[in-house]
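Asks: Build me a model from this:
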Amino acid sequence: MSYSRRDFLGLSAKLMLASTAFTLPQVSALDNKKIKAIAFDAFPIFDPRPIFGLVKKLYPEKGQEFSIIWRTRIFEYTWLLTSAGKYEDFWTCIDNALVYTARHLHIDLTPANHQLLMNAFLSIKAFPDVKPVLSELKQSGIKLAFLSNMTEKMLNTGISNSGLEGYFDHILSTDSVKTFKPDPKAYQLAVDAFELQRDEIAFAAFASWDAVGAKWFGYPTFWVNRLKFPAENMGTDADGTGTTLAELAMFVKQRG
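Replies: Numbering: from 1, shown residues only. Got it, this is the predicted structure:
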């Protein structure tokens, strides 16, 4: 799909009026490269909020603190393992972080609650805006993949829960290379799967740190900042930022 300069300017103006959350990228060499594929982190697609809603339901007095510590510790464990050259899969990191959080807060994590909270990760479903945008991207010829720390089982379960079978050309779990993002070996998975140059693959990040890692790797990067968190202070910004997949689609079309 091609766009004239007039089309581009018109689309950009409409987008800026429609959403102040979207940040157009700075002009760079990326502007001349056609995006042929998108690699998604899991959570621009899957809504994690019900998981932490369950935490608050089970532990109403400490639910907010529990959610923050658990979520943070999950990724601290992945970074610790990666920096040490060791590996346990993402499911194990979630479990270990859950047990730690309960101990830290002096909460009795009963076997029943333990199972409920872990199984919440197998009940995830897509955000409401996902399927229409994925359909549009597929129709325009864009290849799609997950590129996630989640295990393949977790990703496939989320796909099944959401009715997204057939939308993704590749289901790429960092488990296959026994490491986690932001290890370059993790980001390389999409380059190898799509058989494209890294500047032809847009990376859709959910977390700001993942946007930084993908940008360092060399992907044109869009931060799907659904929860409206602040950006990392690392001197590296995503090429585009928004709160919806529709804004990601616009980002890709600008390079069509």
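Asks: by contact count, what packs against whatever helix or strand residue 188 lives in?
Replies: Assigned by DSSP states H and E, residue 188 belongs to helix 184-194. Applying 3 or more C-beta pairs under 8 Å, 6 or more residues apart in numbering; DSSP states H and E, one finds that helix 184-194 contacts strand 37-40, strand 143-148, strand 170-173, strand 201-205, helix 208-217. Where C-beta positions appear, they are placed from N, C-alpha and C, glycine not excepted.
Asks: Can you spell out which helices and strands pack onto the top helix by length along the chain?
Replies: Assignment by DSSP state H gives helix 63-84 as the longest helix of the chain. For helix 63-84, the contact count by 3+ C-beta pairs under 8 Å, 6+ apart identifies helix 49-58, helix 90-104 as packing neighbours.
Asks: nearest to residue 131, of these?
Replies: helix 49-58 (17.8 Å; C-beta to C-beta).
Asks: CA-only coordinates of the closest one, as CSV, when you get a sec.
Replies: In CSV, the C-alpha atoms belonging to helix 49-58 read as follows (Å, rounded to 0.1, in the frame of the first residue of the first chain):
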residue,chain,number,x,y,z
ARG,A,49,-5.1,-6.1,34.1
PRO,A,50,-7.4,-9.0,35.2
ILE,A,51,-4.4,-10.8,36.6
PHE,A,52,-3.7,-8.0,39.0
GLY,A,53,-7.4,-7.4,39.6
LEU,A,54,-7.5,-11.0,41.0
VAL,A,55,-4.6,-10.1,43.3
LYS,A,56,-6.6,-7.2,44.7
LYS,A,57,-9.7,-9.4,45.1
LEU,A,58,-7.7,-12.1,47.0
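Asks: quick one: it to chain centroid distance?
Replies: Helix 49-58 sits 20 Å away from the centroid of its parent chain (C-alpha atoms, centre = their mean, to the nearest Å).
Asks: so which of the helices and strands packed on helix 184-194 comes closest to residue 224?
Replies: strand 201-205 (5.5 Å).
Asks: Report the contact partners of residue 121.
Replies: Going by C-beta atoms under 8 Å, 6 or more residues apart in numbering, residue 121 touches 51, 91, 94, 154.
Asks: What pLDDT does the model give the nearest residue to the last one once chain neighbours are set aside?
Replies: Leaving aside its chain neighbours, residue 154 sits nearest to residue 121 (6.3 Å; criterion: C-beta to C-beta, 6 or more residues apart in numbering). If you check residue 121, the pLDDT there is 97.
Asks: quick one: residue 121 from residue 38, how far?
Replies: From residue 121 across to residue 38, the span is 23 Å (C-beta to C-beta, to the nearest Å).
Asks: Check the separation of the first and last residues in stretch 159-168.
Replies: 9 Å (C-alpha to C-alpha, to the nearest Å).
Asks: who's in contact with the residue most central in space within the chain?
Replies: For the chain, residue 41 is the residue whose C-alpha lies nearest the centre (C-alpha atoms, centre = their mean; 2.7 Å). By C-beta under 8 Å, 6+ apart, residue 41 lies in contact with 146-148, 181, 203-207, 210.
Asks: let's see it at 10 Å
Replies: Residues near residue 41 by C-beta atoms under 10 Å, 6 or more residues apart in numbering: 146-150, 181, 203-207, 210-211, 214, 223-224.
Asks: Please apply the same query to residue 51.
Replies: 67, 70-71, 94, 117-121, 123-124.
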